[in-house]
Each structure stands twice: as structure tokens, then as C-alpha cells.
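K.L.:
Next one to model:
(chains A and B)
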Amino acid sequence: MTHAPLHDPCPDAEQISACVDGRGSPEAREHLLDCPQCRQTAEAYRLLDTLVRKRLAPPHDLAQRIRNGVARAAAQRPVPQQAWFLLPGVRLAAAVALTLGALTVLIVALRPNTPEATLAVAPPLERPATVHPPVSAIPDPANTMTRVDVGNLRPARETQVVGSGLARALPAEFRHVWNVEDVDGSARLLQGIVGERDVIEGVEQGNRTFTMVLPDRDVQQLVDRLAAERWELLSPEGAQPRKGANVAFSGRKVTYRLVLAGR
Amino acid sequence: MSNDTSSMADRELIEKFKNGEQWAFESLVDKYSGRAYQIAYGVLGNREDAEEVAQDVFIRIHRALPKFRGDSEFTTWMYRIAMNLARNKYRWNKSRGGQRNVSMDAPIDGSDDANGRRFDVTEPGLSPDVRTTLDELERQAGEEMEKLPELYRQALVLRNVEELNYEDIADLLGCKLGTIKSRIARAREELRKRLAL
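P.N.:
A predicted model of the protein is given here:
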């Protein structure tokens, strides 16, 4: 590729291409400064890159479509139930119980066997504090959040609880008021997220509402997703963003109403 | 393939997902679905197939992520899955009588251009003549790119995927660095000649 006899021999296409990517030799880079024709070639390559990048632009709703596709695929395959004793909260509680038990034994062994010392021995913890109720044991309160005392219940395989603490069942019906920047845009986003699910639209005190029936696990996922979109949750009832740790998910369906309030 | 801050954020997201926080997986989709699509596009040369592969990539990742040990970066892992699935799709298309070719302007899934699928290099404020010229160039570039030899097109497309450098491309395509450099240059030069730039 020789463009101008007054200049050094022009670099080949590979050298010019490398210069466009910031990988050309010092000689080639210097040549480009002096040779208008090689510079024009480099500019053409840059323009082509721009056109390629435009062509590569993914559909604007690609991520949403993929999320929907993943959700559909996940719903179609059996979800392996994590053994309750492997849940992070349970493991932590078990570790604490073991440590306390070991300390207690150590204290007893090191102290004289007086009546006071005997009284100081704590009863061994029979099982971790975090035990989760079977679905049938979860009360089904209306409109209020209920704490479920799981003191006398055994863990149930069909109930999945994430995290530690008292497990809370979602009410059969509850509502969230979300504060959003753009109500119409947020409504469209919501419709994109919930996809083909049946949603009943309405108005409550001038605010748009969306009511749907969905499994309690999906409610938590939806709430997390909306929080990730920077929606601000005003009502502290029901599932909380990223705080699903204390919610007992049983897969039962709940009625969830969203109220969109503009900022 | 990614900087330290990004890979640290990825590791945190993966841990959160492993702890049952589904939103963390969705964040990974938001962050990387475009790149999966672009890699697939580089191999397949059409949008419909690229989108299908991108979706498969994340279905696989969703299934396998609980067992992901983090020996490599998430992006490295994701890029390899995308490349492998795209190659499988390419072979499948070929075995069925050649890959499908979707025109640059063809709507996908019956949707229309208002959905933003058609790219547009025009900028507001350009004169109608300039806009027409750019539109035409854009259309021709798309057509010619699809006609490029597969190896050249792959290299050029991957070069234009965000954050992929020569080394990443060589790793993905299983080639030497010099080969990648040469293929990118040949693709550019070929397109430049065909478009008379």
C-alpha cells in the first residue's frame, strides 16, 4: 500500500488496523500523522467499527426477555429442595449451639461440683433456633403480617426459609405502596416484568393499582426486582426488598396489590 | 476480561444469588446479556439466533451458577458458554441447509422497527441528504458484513464487543494473537473496499 512517494513506504492494512486499535508500531503511528491517505484508511476503519457496533446493538428489551425466558425455564424444571440442615441460617445456628454446648461442658469440667455449679449448667440446645414450620402450620391471616412461633414445630421439606430468625408467612392478601419517579413508565416496566400473568388494573385514591395472584416466592422476587429498579417501598407490610431472609416460602398463592404513587 | 471492581461486584452478586436472592441473578442478566448476544451475533450473523442463544446462555448459567466455584472470572465463563452455544447453533443451522439470514431491516418476531431493533446511525439535526447517505451506508455495511467470510466476521464483531481485547478474542476463538490481528485487518479492509470508503 503506497500512497505518497514523498513519505516512507506506507504500512500495510494490518499495521493501519493495529493503529486503530492502539496496537500499531511507533513507525506506523508516526506515518499516519504524515500520510493523508493512510489516515483516511484509518478513519474508514473507525467508521466501519462504528457501523459494526450499531449493528451489534442488542434489542432494548433483551434483558427483560431473557429474564422471562429464564423464569419460564426454571419453572419447568424440578427445583431440587435444599436440605434444611444446609440452609445458611441453620448452619450458623447449629455452629452457635455446638460452641455453646462445648463451652458449657468446659465450664462444668473446670469448676468444682458444687450445687451452685450444677445449677449453672445450661440445658443443651436440642436443635437450632431456626426451624421452619410446615406449610399447614403457617397461619393465613388477612391483611396483617403474622409472626409464626415455631418453637414446637419440626422442619418441613416443603417449606423453604432463607436466613435465620422467626419465619414469617406472607399474608394471603396484602398491598404495597411504591413511590416511583414516573408512574406510567413504571407501570410499563411492571407489565414487562410480570409478563403474561393476569394483572387487574385499577385506581385507588387517584393512584394506579395492579393486583395479581402469584406464588409467595414470586412476590419476593418481584419486590426485589422493583427495589433494584429504585422503586421506593412506602408501606412496610409484606415482603421487603432484599429482606426475604425471614419469610417462609411455601409456594402457596397470595394476592398482591401494588399501588404506584408518583414522587 | 474484566476489571477488578467489576469482577468483585460479580462475585458478590453470585454469592447473593447462591443465598437465594434472585435479584442478584437478574443484575447479572442486566449487566451481561448484551455481551452474550453480541458474541453470539459474531458467530451466527443474525439477530434472531443471537437472541435465542443469549437466552440459552443465561438459562444454563442460572442452572449452573449454584455450583460455580469462581476458579475463573464470571465473564470468562459466560463468554465461553456463549461461544460454545453459538457454535453449536451455527453447526445446527448449517446441517439444516445453511444459516438463516435475516435482513438487517427485517422485523423480528413480528415486531416492527419501533421497538428499536433496527440500528440507526443518524443523529438529530442532520440534513435529510446526509441522513439518507448515512442510512444507506448503514444498510450496505450490514449487508456486506453478513457476506464476509465467517472467520473475518467473527473477529471483527468480537473486536467490537465491549471490553474484549485481542487477547480475549484469541482465547475465545482458540487462535494466536497474530491470527486475530490479521483477521480483523482483513475484515476491515474487505469491508472498506466493498463500501468504497
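K.L.:
tell me the domain boundaries of chain B?
P.N.:
Chain B breaks down into these structural domains: B:1-97, B:120-197 (assignment by automatic domain parsing).
K.L.:
Helices of chain B, start to end?
P.N.:
Per DSSP state H, chain B has helices spanning B:4-18, B:22-44, B:47-64, B:74-95, B:128-147, B:150-159, B:166-173, B:177-194. These are given in chain order.
K.L.:
Of those, which is nearest A:E14?
P.N.:
With C-beta to C-beta, the closest approach to A:E14 among the helices of chain B belongs to helix B:177-194: 4.0 Å. Every C-beta, even on glycine, is put in place using the N, C-alpha and C of the backbone.
K.L.:
So what touches that closest one?
P.N.:
Outside of helix B:177-194, the residues within contact range by C-beta atoms under 8 Å, 6 or more residues apart in numbering or on different chains are A:13-14, A:16-18, A:20-21, A:23, A:41, A:44-45, A:48-49, B:141, B:144-145, B:147-148, B:151-156, B:159, B:166-167, B:169-170, B:173, B:175, B:197.
K.L.:
ok, the residue of the stretch 151-263 of chain A found nearest chain B - how many residues close by?
P.N.:
Closest approach of the stretch 151-263 of chain A to chain B (C-beta to the nearest C-beta) occurs at A:D224, with a separation of 3.5 Å. Other residues lying near A:D224 total 23 when counted by other C-beta atoms under 10 Å in any protein chain shown.
K.L.:
Wait, it touches B:W23, no?
P.N.:
Yes: checked against C-beta atoms under 8 Å, the pair A:D224 and B:W23 is within contact range at 3.5 Å.
K.L.:
ok, back up a step: any idea which of the domains of chain B is most buried?
P.N.:
For those, average neighbour numbers computed from mean count of other C-beta atoms under 10 Å in any protein chain shown are highest in domain B:1-97, which has a mean of 19.
K.L.:
Does chain A have contacts with stretch B:22-39?
P.N.:
Yes: where contact is defined by C-beta under 8 Å from any C-beta of the partner chain, part of stretch B:22-39 touches chain A, namely B:22-23, B:25-27, B:29-30, B:33-34, B:37-38.
K.L.:
How about B:G45, nearest residue that isn't a chain neighbour?
P.N.:
B:E146 (5.2 Å; C-beta to C-beta, 6 or more residues apart in numbering or on different chains).
K.L.:
Please disregard the earlier target; I meant A:P11.
P.N.:
A:P11's closest residue in space is A:A28 (C-beta to C-beta, 6+ apart), at 4.2 Å.
K.L.:
picking up where we left off before, as CSV, the helices of chain B with mean pLDDT would be great.
P.N.:
Shown next, in CSV, are the helices of chain B (pLDDT from 0 to 100):
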stretch, mean pLDDT
helix B:4-18, 78
helix B:22-44, 92
helix B:47-64, 93
helix B:74-95, 90
helix B:128-147, 82
helix B:150-159, 91
helix B:166-173, 91
helix B:177-194, 94
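K.L.:
between those helices, which one is nearest to A:C35?
P.N.:
helix B:177-194 (16.1 Å).
K.L.:
which residues touch stretch A:252-263?
P.N.:
A:135, A:170-183, A:186-187, A:190, A:204, A:207-216, A:219, A:222, A:232, A:234, A:238.
K.L.:
show me where pLDDT drops low in the stretch 101-250 of chain A?
P.N.:
A:108-168, A:196-197, A:235-237, A:242-246 (pLDDT under 70).
K.L.:
Which parts of it are helices?
P.N.:
Shown for the stretch 101-250 of chain A, the helices assigned by DSSP state H, counting those that start in this stretch span residues A:115-120, A:183-194, A:216-228.
K.L.:
A:R225 contacts B:F25, correct?
P.N.:
No: under the criterion of C-beta under 8 Å, A:R225 makes no contact with B:F25, lying 10.4 Å away.
K.L.:
between the residues of stretch B:22-39 next to chain A, which is closest to chain A?
P.N.:
For chain A, the closest of the residues of stretch B:22-39 next to chain A turns out to be B:W23, at 3.5 Å, with distances computed as C-beta to the nearest C-beta.
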